[in-house]
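Asks: Kindly return the folded structure for what I paste below:
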Amino acid sequence: MDFVKEFLEIKSTDSDEELTDALLFLSVAVLSEIVLDKVHFKRNKDLKVFTNDVLLTNYKDYLFDSRPTLYARIVKDLRTYRVKNPGHFLRLENNIQQFLSLKHKETDKDTNEEDKKDANEKKGNIRKVIKE
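Replies: Here you go, the predicted model:
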């Protein structure tokens, strides 16, 4: 199941209760990839840009010492916003979707370039075999 694509397909402009439940559920999974895996951010302190720009929150420095601690705090805050400030919750969800869509475009571009290189290598290998 590709929960990132499913998350990106949800339009986070409506404040429908079922929709916000789905957004929260999927965002927890998506954030675990962003925060806990070192794919997007190699160093813990690099996550500060993500939390400031995307999550619009300036967390204290001690939270960046441990990715699981930071992740738990982000999820706690999202759950709180969902109940107490749905407008802010939807804004954050939209920001996360924009961040991921940009990352997916970059990944797709890199994948396409790698596919082209692989195709060229295969053509070269085929030519070598034919010549032999």
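Asks: switch to C-alpha atoms for all contacts and neighbour counts from now on
Replies: Noted.
Asks: Helix, strand or coil: sort out residue 56 for me.
Replies: coil (DSSP: H, G, I helix; E, B strand; the rest coil).
Asks: what about it, distance to residue 91?
Replies: Going from residue 56 to residue 91 by CA to CA, to the nearest Å gives 9 Å.
Asks: now swap in residue 77 and tell me
Replies: With CA to CA as the criterion, residue 77 and residue 91 are 13 Å apart.
Asks: all helices of the protein, in order?
Replies: 3-9, 17-31, 47-53, 67-84, 86-131 (DSSP state H).
Asks: Redo those helices as CSV? Include distance to residue 38 and mean neighbour count.
Replies: Formatted as CSV, the helices of the chain follow (distance: least, CA to CA, whole Å; neighbours: other CA atoms under 10 Å):
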stretch, distance to residue 38, mean neighbour count
helix 3-9, 16, 15
helix 17-31, 12, 17
helix 47-53, 10, 16
helix 67-84, 10, 16
helix 86-131, 14, 14
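Asks: Reformat these as a markdown table; add mean pLDDT.
Replies: Shown next, in a markdown table, are the helices of the chain (pLDDT from 0 to 100):
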| stretch | mean pLDDT |
| --- | --- |
| helix 3-9 | 84 |
| helix 17-31 | 91 |
| helix 47-53 | 96 |
| helix 67-84 | 97 |
| helix 86-131 | 72 |
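Asks: Next, the contact list for the residue nearest the centre of the chain, please.
Replies: For the chain, residue 100 is the residue whose C-alpha lies nearest the centre (CA atoms, centre = their mean; 4.2 Å). By CA atoms under 8 Å, 6 or more residues apart in numbering, the residues touching residue 100 are 4, 8.
Asks: From residue 65, how far off is it?
Replies: 24 Å.
Asks: what's the answer for residue 21, then?
Replies: Applying CA to CA to residue 21 and residue 65 gives a distance of 30 Å.
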